[in-house]
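Engineer: got a predicted model here, sequence first, then my questions.
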Amino acid sequence: MPKAFDAANPPFDRLTPHEMETLRAALDIVYFRPGEPVIDQGSPSQALFVVIKGTIEESDGAGLLALLGPKDSFDSRALVHGKSGHAFRARDETLCYSVPRSTVLDLIQNNPRFASFFYHDIARKLDEFVRDHDEQRHGSMMRARISELFLHPAAFVEADDSVETAGRKMEEINSNALFVRDGQRTGIITGMNLSKAVVLRRQSIQTSVRNLAHFDLVTLRPDDFVSSALVLMTKLNKRRVVIRDDERFVGILEDIDVLGYLAGSAQVIAGRIERAANQDDLAAAARQIAAQVRTLRRQGIGVELIGEIVSDLNQRLFSRLFDLLAPADIRAVGCLMVMGSEGRGEQTARTDQDNGLILSRAIEQAELDKFRTAFSGALLDFGFPPCPGHVMVNNPAWSKPLPDYIADIRRWLALPDDSAHLNVAILFDARCVAGDATLLTEVKTRLIEMVGGEQAFLAHFARAIDLFATPIGLFKNLITSAGNGDAIDLKKGGLFPIVHGVRSLALEHGLIETATDKRINRLRDMGVLHAEFARELHQAFNFMLMLRLDGQLAESAGATGTLVRPSSLSSMERDLLRDAFYVVKKFREFIRHHFNLGAF
């Protein structure tokens, strides 16, 4: 039976084959009756347990923390710290693998990566997992097929064709290389070959390309790995590789395209946005931004950096669209702003439009209405769905002069209902992407001034952290079910409480930062958050963002893109998700105490 132990189940996947055999030799299988204690809170543990079948309840003095199912392990902390911080009890008939403490400690002593699972705190475990996860993604990128990369077209000239003919052909197809047919053989000629012949050797442009072409072709197939192309180019000092499928020439792969694939092409998209002459050009760039997210994630780029890259590209897109559509009067007196996750710089996969316009003075109504309709309509054409709450430029409530926004803030604070709290949150997260940024600065300055000292408003504002429960004890029924209701909403249960709790503290302290991670850092520097807890909060937030993005890219997260099925996660991911939710739970308690929410 121990031979069936899953060696790929983290953290055991960090063991060498010899270490795994040592572990298997020491394994035992134990049975627990329903309700039987496995480890008491405050007691030492003489073994590491891995659930085979059944359910284990994990609890503290306050109640249930988690339900552990097959492949989940416990209690790693008790093994190295001497006693367990939680109690573990069988909920139903349960079978577990049991690994003696002495065996685990020997493996820990000899394998630092295995040891890190037991010694690292929550923040370090989350950070190490994300780093390993990203390294694996980078490896998968190198295993991508050549057919996934951009290939220059397989265009031909005859060996008797002139340099001039070849040059015009290259210009026509926007390529720097052509195939040359010469009887039974095929060669290649490049723009550099043509330039050297005419400029350096003073040859006529009517010279045939036969003597300029190279016939020692280096070839690969479309289904070969990208890594093979990179190795071949490096080994043979070649800048180009010919891609052919049997006798058919498919195209030409250049080193710049391989490197561009490895490095990402965000800078290329940015250039296309800047050069866009019309909406069609911008629509093409918008599609590339959406595709770029998948490329960046596959390359192992972290979710934070992806958010920054996407936010920068979207800002360029919105700014260029503003330049193309807004008449001179609006450009001169307007501030185009984005809100929500876009405003915080946490946008990855494309979601609803969240934008608005601040004007320093009134604009002729017909002109303003025309722009409102055109701008929101263009974004819809680009693939940005309308906002369900209608927080969009084409809504006059979010597209008006600065004094009207100031009046709104006064009304929201005077009549602080749920709608007022939502509007304050939206405006506080806003970021200028085009036009006069001082207008938004003025609005936020006035908002912070008016909220200052309004503890009752801030407390009611912060109460939204309890809109959704943190699903820390819901894992068993989710990991054993494959139905439609087996998913956890990461946004409601984890991301929103962190975003809104941090936003509430930032508003109280008048911070100008909009990104959640930057707000956490400022709150840490101010002493509002303890440094270690700020680090845990930051890592938990990024881990859940990573899970959400991966789910969105896999198109398996449901319509909202915020759902994750614990049954689809590895035991390590489930363990870390429990840790992340535990951090959220502690943060909720901190916010409740900080704003004295029990009094409201």
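Structural biologist: Right, received. Where do you want to start?
Engineer: just the element for residue 290, please.
Structural biologist: Assigned by DSSP states H and E, residue 290 falls within helix 279-298.
Engineer: for the following helix or strand past that helix, give the mean pLDDT please.
Structural biologist: Moving toward the C-terminus from helix 279-298, the next helix or strand (DSSP H and E) is helix 303-325. What helix 303-325 shows for mean pLDDT is 89.
Engineer: and stretch 547-565, by the same measure?
Structural biologist: For stretch 547-565, mean pLDDT rounds to 67.
Engineer: and for stretch 392-400?
Structural biologist: The average of the pLDDT scores along stretch 392-400 is 95.
Engineer: sketch out the low-pLDDT regions of this structure for me.
Structural biologist: Along the chain, segments meeting pLDDT under 70 span 1-3, 119-143, 260-265, 267-268, 299-300, 472-486, 555-562, 567, 600.
Engineer: how does it divide into domains?
Structural biologist: Segmentation of the chain into domains, based on automatic domain parsing, reads 2-119, 146-262, 314-449, 462-599.
Engineer: could you dump those domains to a markdown table with distance to residue 297?
Structural biologist: All C-beta atoms are positioned from the backbone trio N, CA, C, and that covers glycine. Listed next are the domains of the chain as a markdown table, based on distance: least, CB to CB, whole Å:
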| stretch | distance to residue 297 |
| --- | --- |
| domain 2-119 | 20 |
| domain 146-262 | 14 |
| domain 314-449 | 8 |
| domain 462-599 | 6 |
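Engineer: contacting residues around the residue nearest the centre of the chain?
Structural biologist: Nearest to the mean C-alpha position of the chain, by CA atoms, centre = their mean, lies residue 303 at 3.3 Å. By CB atoms under 8 Å, 6 or more residues apart in numbering, residue 303 lies in contact with 297, 348, 542, 545-546, 549.
Engineer: residue 324 now?
Structural biologist: Going by CB under 8 Å, 6+ apart, residue 324 touches 276, 278-279, 282.
Engineer: where do the helices of the stretch 401-550 of the chain begin and end?
Structural biologist: Using DSSP state H, counting those that start in this stretch, the helices of the stretch 401-550 of the chain run over residues 402-414, 418-428, 437-451, 455-462, 475-479, 490, 496-508, 516-525, 531-553.
Engineer: for the ones you listed, which one ends up most surrounded?
Structural biologist: helix 490 (a mean of 25; mean count of other CB atoms under 10 Å).
Engineer: same for that one, what does it pack against?
Structural biologist: Applying 3 or more CB pairs under 8 Å, 6 or more residues apart in numbering; DSSP states H and E, one finds that helix 490 makes contact with helix 531-553.
Engineer: the helix it packs on: how far from the chain's middle?
Structural biologist: 10 Å (CA atoms, centre = their mean, to the nearest Å).
Engineer: how about stretch 212-224?
Structural biologist: Relative to the mean C-alpha coordinate of its chain, stretch 212-224 is positioned 37 Å out (CA atoms, centre = their mean).
Engineer: contact partners of that stretch?
Structural biologist: Taking CB under 8 Å, 6+ apart as the rule, stretch 212-224 contacts 145-147, 159, 163, 180, 182, 185-189, 193-194, 197, 228-229, 232, 236, 238, 240-245, 250, 253.
Engineer: start to end distance for that stretch?
Structural biologist: End-to-end span of stretch 212-224 (CA to CA, to the nearest Å): 29 Å.
Engineer: may I see the buried residues of it?
Structural biologist: Judged by neighbour count using 16 or more other CB atoms under 10 Å, the buried positions of stretch 212-224 are 212-213, 217, 220, 222, 224.
Engineer: residue 590: which of these is nearest?
Structural biologist: Distance to residue 590 across the buried residues of stretch 212-224 (CB to CB) is lowest for residue 224, with 53.8 Å.
Engineer: so residue 588 is in which element?
Structural biologist: Taking DSSP H and E as the definition, residue 588 sits inside helix 571-594.
Engineer: list buried residues within the contacts of stretch 212-224.
Structural biologist: With burial judged by 16+ other CB under 10 Å, the buried subset of those is 146, 159, 163, 180, 186-189, 193-194, 197, 228-229, 232, 238, 240-244, 250, 253.
Engineer: and these, which of them are in strands?
Structural biologist: Among the buried ones among the contacts of stretch 212-224, the members falling in strands (DSSP state E) are 180, 186-189, 240-244, 250, 253.
Engineer: same list (those) but as CSV, adding distance to residue 528.
Structural biologist: Compiled in CSV, those are given as follows (distance: CB to CB, whole Å):
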residue, distance to residue 528
180, 69
186, 69
187, 69
188, 64
189, 66
240, 57
241, 56
242, 61
243, 57
244, 63
250, 59
253, 53
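Engineer: closest to residue 376 out of these?
Structural biologist: Relative to residue 376, the closest of these is residue 253; by CB to CB it sits at 41.2 Å.
Engineer: for the host helix or strand of residue 25, buried residues please.
Structural biologist: Residue 25 is located in helix 17-26, with elements delineated by DSSP H and E. By 16+ other CB under 10 Å, the buried positions in helix 17-26 come out as 19-20, 23-24, 26.
Engineer: now the element after that helix, going C-ward?
Structural biologist: strand 28-32.
Engineer: partners of that following strand, with directions?
Structural biologist: The pairing partners recorded for strand 28-32 under DSSP bridges are strand 94-100 (antiparallel).
Engineer: can you tell me what sits against the strand it pairs with?
Structural biologist: Contacting residues not belonging to strand 94-100 are listed as 2, 5, 23, 26-32, 38, 46-56 [CB under 8 Å, 6+ apart].
Engineer: tally of neighbours for residue 63?
Structural biologist: Residues near residue 63, counting by other CB atoms under 10 Å, number 8.
Engineer: next: residue 566.
Structural biologist: For residue 566, the neighbour count with other CB under 10 Å is 23.
Engineer: wait, it sits on residue 574?
Structural biologist: Yes. In this structure residue 566 lies within contact range of residue 574 using CB atoms under 8 Å: 5.4 Å.
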